[in-house]
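1. What would the 3D arrangement of this be:
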Amino acid sequence: MKKNKRSQRKSTQSFLPIGEIKNDCVVLKEGGLRAVLKVSTINFNLKSEEEQMSTLSSYQQFLNTLDFPIQISVQSRKVDLAGYFKKIEEQAEKIENPLLKSQARDYKEYVKKISEYADIMEKKFYVVIPSDPMRKAIKQNFLSQLFEHLSPEDSLAKVKVRYLEFKSLRKVLSDRVGVVLSGLTRCGLRANQLTSEELIDLYYRSYNPNISQFEKIEKMGSYDVL
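-> Residues are numbered from 1 along each chain as shown. Sure thing, here's the model as predicted:
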């Protein structure tokens, strides 16, 4: 009985629609590709009425130029100050004056205590751009579609199909990324496409919001495939 129960258990990855991450793209198990852009923000309320109208007009024109869907995602998460604390400690080590060195470390501990008691949040904005295969999907009934969505299985056949389609789909995706980047620039926004390492970190934090606060992903180095 124990063996049967163990065999029925599935890894977390088996429940995700992601097959792999490579070449700065998210490759879905069904074959589609996704690029993710991280987008800056602007303070719309501080702009003059004329500037606001110009921004809205540019955004409207940007949406009208798109002949493919995009997804806008907004994430709120607790600010990770580990890097900030590390920089303070590094600067404190360089200070020769004992009093100033002590004050720098006291400041770090002060900010650290504040961050423990108060949830300092930050918002990040992303645009997800798709490129999906044109092949016809096999007709399924409602329950089959539902279970496949909840637990998308991966197979050797799907891996082979993804491999053959990847090059052509990536070309389409690259063109679409260029269109979106150009449109966002005209709206006064800065955007950059996430790399493979940044994508892995993004999805790791998204699916593990609590664990990711304490367990960080080590540097991926030369690895670009998940």
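
2. Check which helices and strands the longest helix seen in the chain sits against.
-> Ranked by number of residues, the top helix in the chain under DSSP state H is helix 156-186. Helices and strands touching helix 156-186, by 3 or more CB pairs under 8 Å, 6 or more residues apart in numbering; DSSP states H and E, are strand 18-22, strand 25-28, strand 33-39, helix 49-65, strand 121-131, strand 191-193. In this view, the C-beta of every residue, glycine as well, is placed from N, C-alpha and C.

3. next one: it to chain centre, how far?
-> Distance of helix 156-186 from its chain centroid, counting by CA atoms, centre = their mean, to the nearest Å, is 16 Å.

4. next one: stretch 64-74
-> Distance of stretch 64-74 from the chain centroid (CA atoms, centre = their mean) equals 16 Å.

5. who's in contact with it?
-> If you take CB atoms under 8 Å, 6 or more residues apart in numbering as the criterion, stretch 64-74 is touched by 123, 124, 125, 126, 127, 128, 129, 130, 176, 179, 180, 183.

6. Contact partners for the last one?
-> So the one you mean is residue 183. Going by CB under 8 Å, 6+ apart, residue 183 touches 61, 62, 65, 66.

7. Can you flag the buried ones in those residues?
-> residue 62 (16 or more other CB atoms under 10 Å).

8. Nearest the geometric middle of this protein, what residue?
-> In the chain, the centroid-proximal residue (CA atoms, centre = their mean) is residue 202; its distance is 3.8 Å.
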